[in-house]
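In: Below are the sequence and a predicted model for it; my questions follow.
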Amino acid sequence: MKTLLLTLLTGIIFGALDILPMLRMKLDRFAIISAFVFYLIIPFIIYNTDLFGMAWWLKGGVITLLLALPVIILVAKDGMSAAMPILAMSVILGTLIGVVGKYVTKLL
């Protein structure tokens with residue numbers, strides 16, 4: 001139960017970090033909700049996936065990037081200027097989620 005709550009808390013924190021710039025730019029509310037839900041769910045996937053013995057610090061960024069790729073491709077049709085922030089946030093936040101997961105699961 002503790003692991004579930006910590007994973008959910010991680011998703012809420014990183015979801016909030018991702019949507020803060022979106023709120024300031026006053027983007028579409030569905031885009032904001034979609035981004036929040038993505039980062040709410042992604043820790044569950046990162047923490048419970050083993051990628052062929054990949055380094056623990058690299059796993060989060062790779063998984064998040066792979067799962068965000070369809071959205072990045074869809075957004076890129078309007079230009080790379082919109083796709084690049086999504087790409088960067090996916091790699092950065094995914095890696096940070098993986099790092100947090102490594103140390104949080106050691107505490108339990």
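Out: Great, that's in hand. Numbers count the residues shown, from 1 in each chain.
In: quick one, helices of the protein?
Out: 2-24, 29-47, 56-76, 80-107 (DSSP state H).
In: Quick check: the gap between the residue nearest to V100 when sequence neighbours are not counted and L40.
Out: Leaving aside its sequence neighbours, V100 sits nearest to T10 (Cβ to Cβ, 6 or more residues apart in numbering; 5.7 Å). In short, each C-beta sits where N, CA and C put it, glycine included. Note on T10: its distance to L40, by Cβ to Cβ, to the nearest Å, is 9 Å.
In: got the contact list for the residue nearest to I86 when sequence neighbours are not counted?
Out: Spatially, and ignoring its direct neighbours in sequence, I86 is nearest to I72 (5.3 Å; Cβ to Cβ, 6+ apart). Counting by Cβ atoms under 8 Å, 6 or more residues apart in numbering, I72 makes contact with 83, 86-87, 90.
In: can you check I12 too?
Out: L40.
In: Name the spans of this structure whose pLDDT lies under the cut-off.
Out: Applying pLDDT under 70 to the chain flags the ranges 108.
In: Repeat the analysis, applying 90 as the threshold.
Out: Filtered on pLDDT under 90, the chain yields the residue ranges 1-4, 6, 27-28, 48, 50-57, 77-82, 101-108.
In: By neighbours, which of the contacts of I72 wins?
Out: Using other Cβ atoms under 10 Å as the neighbour test, the contacts of I72 are led by S90, with 26 neighbours.
In: That residue: what's its closest spatial neighbour, skipping adjacent residues?
Out: S90 sits nearest to A68 (Cβ to Cβ, 6+ apart), 4.1 Å away.
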